[in-house]
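Student: sequence below, structure please.
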Amino acid sequence: MASADHQCKQHPTDAHKHDGSSPGGPVCPVHSPAAEEAKRTRKALGRHRDYVKISLPEGRANRLPMEWWKTLITFMYAAFNLVLTTVMITVVHERVPTKESSPPLPDKFFDYIDRVKWAFTVTEVNGMVLVGIWSLQWLFHKYRAILGRRFFFLMGTLYLYRCVTMYITTLPVPSMHMTCAPKLYGDSQAKLQRVLQLISGAGLSITGSHIMCGDFLYSGHTVMLTLTYLFIKEYSPRSFWWYHLLCWLLAAVGVVCILVAHEHYSVDVVVGYFITSRLFYWYHTMANVQVLRSSPNYLTHTWWNPIFNFLERNVQTQVPCSFCWPVTWPPACLKNPCKKYSMVNSVREE
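Tutor: Numbers count the residues shown, from 1 in each chain. This next block holds a predicted model:
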């Protein structure tokens with residue numbers, strides 16, 4: 001039996017006769033236009049082996065959208081609650097009883113550990129170092145928009161909770177060494193100045209901005225130390241155990257120094273750690289386990305679940321640990337599209 005190629009050579013006139021002028025006539029399968037086009041494409045791709053066509057299944061190409069506008073909303077939410085916290089501290093300060101009328105409450109940790117004056121400075125320095133480390137890690141993360149809105153939402157919610165707890169229960173000062181600023185009573189202008197002073201100094205004692213009392217339950221320093229460590233560990237490679245250990249030591253030493261300095265009751269630190277860690281784990285459990293979003297469960301009964309659905313609706317998979325430069329040069333708007341597609345064009349021309 002002759003091959004198809006041999007048959008075409010035997011009947012060249014028939015191939016010319018039936019090349020499309022006679023409908024329904026036989027067409028040579030080797031020299032048809034489609035076969036010739038496929039042959040030219042294979043030949044061109046053989047010369048340009050660095051050009052590879054990758055097709056993505058529909059619906060999987062953008063499972064981690066940035067959505068910076070959502071990040072901006074959560075940033076404003078966090079900033080609002082931080083300002084609200086400073087206002088609440090100013091309000092609660094006016095209600096704190098004097099040390100003479102209400103001495104510090106008994107605390108088991110204070111019974112065994114004497115106060116160390118410089119310990120609270122260690123806490124605030126460690127906190128600033130952890131915030132700086134997390135800021136750099138966030139800046140170089142590929143999906144920094146998603147990480148940013150998660151961090152801002154959790155931080156804002158934790159400080160909102162803190163506003164509630166320290167307003168409904170005003171504790172006396174934890175130690176006799178504490179010196180509180182005079183009460184202002186009805187002087188609204190002076191209270192506003194204190195709010196601005198507290199914001200300008202980031203609420204830190206080493207900046208001299210924190211001169212008020214009453215913001216004890218629960219500890220804001222514990223919140224930031226715990227939250228930054230958890231985010232650093234969650235969004236860094238698992239093999240960086242030394243990096244995680246270093247950050248854990250910074251956070252742990254900072255938390256212990258709060259108690260060593262007698263700046264907070266033990267319950268302030270315990271409650272601050274518990275609320276921060278539980279809220280972080282609850283949020284990320286729902287974010288990383290897709291089935292929990294669609295199926296009814298107890299985690300969806302939280303008051304912030306509608307906000308969670310709004311923030312995470314389009315995040316359809318777990319955020320990978322991927323890093324890149326925050327700024328690319330030259331920018332995309334200055335790149336020459338002809339160079340980018342020159343390989344494709346050369347293939348198509350051939």
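
Student: okay, which residue is most central for this structure?
Tutor: The centroid of the chain falls nearest to L147 when counting by Cα atoms, centre = their mean (1.5 Å).

Student: so that one makes contact with S135?
Tutor: No - at 11.1 Å, L147 does not count as touching S135 under the criterion of Cβ atoms under 8 Å. (C-beta placed from N, C-alpha, C; glycine too.)

Student: show me what contacts the residue nearest to the centre of the chain?
Tutor: Shown in contact with L147 (Cβ atoms under 8 Å, 6 or more residues apart in numbering): W138, H141, F231, Y235, V319.

Student: double-check that it belongs to a helix.
Tutor: Yes - counting by DSSP: H, G, I helix; E, B strand; the rest coil, L147 falls inside a helix.

Student: which SSE is Y273 in?
Tutor: Y273 is part of helix 266-288, with elements assigned from DSSP states H and E.

Student: ok now that helix, how far from the chain's centre?
Tutor: Distance of helix 266-288 from its chain centroid, counting by Cα atoms, centre = their mean, to the nearest Å, is 16 Å.

Student: buried residues in that helix, which are they?
Tutor: Using 16 or more other Cβ atoms under 10 Å as the test for burial, helix 266-288 gives 267-273, 275-276, 279-280, 283-284, 286-287.

Student: nearest to R40, out of these: which one, please.
Tutor: A287 (49.1 Å; Cβ to Cβ).

Student: and the helices in the stretch 251-350 of the chain, which stretches?
Tutor: Taking DSSP state H, counting those that start in this stretch as the criterion, the stretch 251-350 of the chain contains helices spanning 266-288, 291-294, 305-312, 337-340, 342-349.

Student: which among those helices is found nearest to L171?
Tutor: helix 266-288 (8.1 Å).

Student: so what touches that closest one?
Tutor: With contacts defined as Cβ under 8 Å, 6+ apart, helix 266-288 is touched by 107-110, 150, 153-154, 157-158, 161, 165, 174, 216-223, 226-227, 230-231, 234, 255, 258-259, 292-293, 299-300, 302, 308, 312, 315, 318.

Student: at 7 Å instead, please
Tutor: The contact list for helix 266-288, computed with Cβ atoms under 7 Å, 6 or more residues apart in numbering, reads 107-109, 150, 154, 157-158, 161, 216-219, 222-223, 226-227, 230, 234, 255, 258-259, 292-293, 299, 308, 312, 315, 318.

Student: with stretch 168-185 instead?
Tutor: Applying Cβ under 7 Å, 6+ apart, the external contacts of stretch 168-185 come out as 92, 94-97, 99, 102-105, 107, 115, 190-191, 211-214, 216-217, 262-265.

Student: and the closest residue to G203 other than its chain neighbours, what element?
Tutor: Among residues not flanking G203 along the chain, H210 sits closest, at 5.7 Å (Cβ to Cβ, 6 or more residues apart in numbering). For H210, there is no host helix or strand (DSSP H and E).

Student: buried set for stretch 161-169?
Tutor: Applying 16+ other Cβ under 10 Å to stretch 161-169 flags Y161, R162, C163, T165, M166, Y167 as buried.

Student: now the two most distant members of those.
Tutor: The largest separation in the buried residues of stretch 161-169, counting by Cβ to Cβ, is between Y161 and Y167 at 10.9 Å.

Student: buried among the contacts of stretch 168-185? Need that as a selection in PyMOL.
Tutor: The following PyMOL line selects those of the contacts of stretch 168-185 that are buried, judged by 16+ other Cβ under 10 Å:
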select buried, resi 92+96+99+104+107+191+212+213+214+216+217+262+263+264+265
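
Student: from the contacts of stretch 168-185, which land in strands?
Tutor: Residues of the contacts of stretch 168-185 located in strands (DSSP state E): none.

Student: all helices of the stretch 1-150 of the chain, in order?
Tutor: 4-10, 12-17, 33-47, 68-93, 108-112, 119-140, 144-168.

Student: in this protein, which ranges drop under the pLDDT threshold?
Tutor: Across the chain, the ranges flagged by pLDDT under 70 are 1-35, 38, 41-61, 329-350.

Student: which ChimeraX command selects the buried ones in the contacts of helix 266-288?
Tutor: Filtering the contacts of helix 266-288 down to the buried ones (16+ other Cβ under 10 Å) takes a single ChimeraX command:
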select :107,109,150,154,157,158,161,216,217,218,219,222,223,226,227,230,255,258,259,293,308,312,315
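
Student: rewinding a little: out of the contacts of L147, who's nearest W248?
Tutor: Taking the contacts of L147 together and measuring to W248 by Cβ to Cβ, the closest member is F231, at 12.8 Å.

Student: which SS class is the closest one?
Tutor: Applying three-state DSSP: F231 is helix.

Student: which residues outside stretch 68-75 are in contact with it?
Tutor: For stretch 68-75, the surrounding residues in contact (Cβ under 7 Å, 6+ apart) are A145, G148, R149, F152, F153, G156, L311.

Student: mind picking the two most distant members of the residues you listed?
Tutor: Using Cβ to Cβ, the pair of the contacts of stretch 68-75 lying farthest apart is A145 and G156, separated by 16.5 Å.

Student: count the neighbours of T98 for me.
Tutor: Using other Cβ atoms under 10 Å, T98 has 11 neighbouring residues.

Student: any idea how far L217 is from it?
Tutor: According to Cβ to Cβ, to the nearest Å, T98 stands 19 Å off from L217.

Student: and if you look at I211?
Tutor: From I211 across to L217, the span is 19 Å (Cβ to Cβ).
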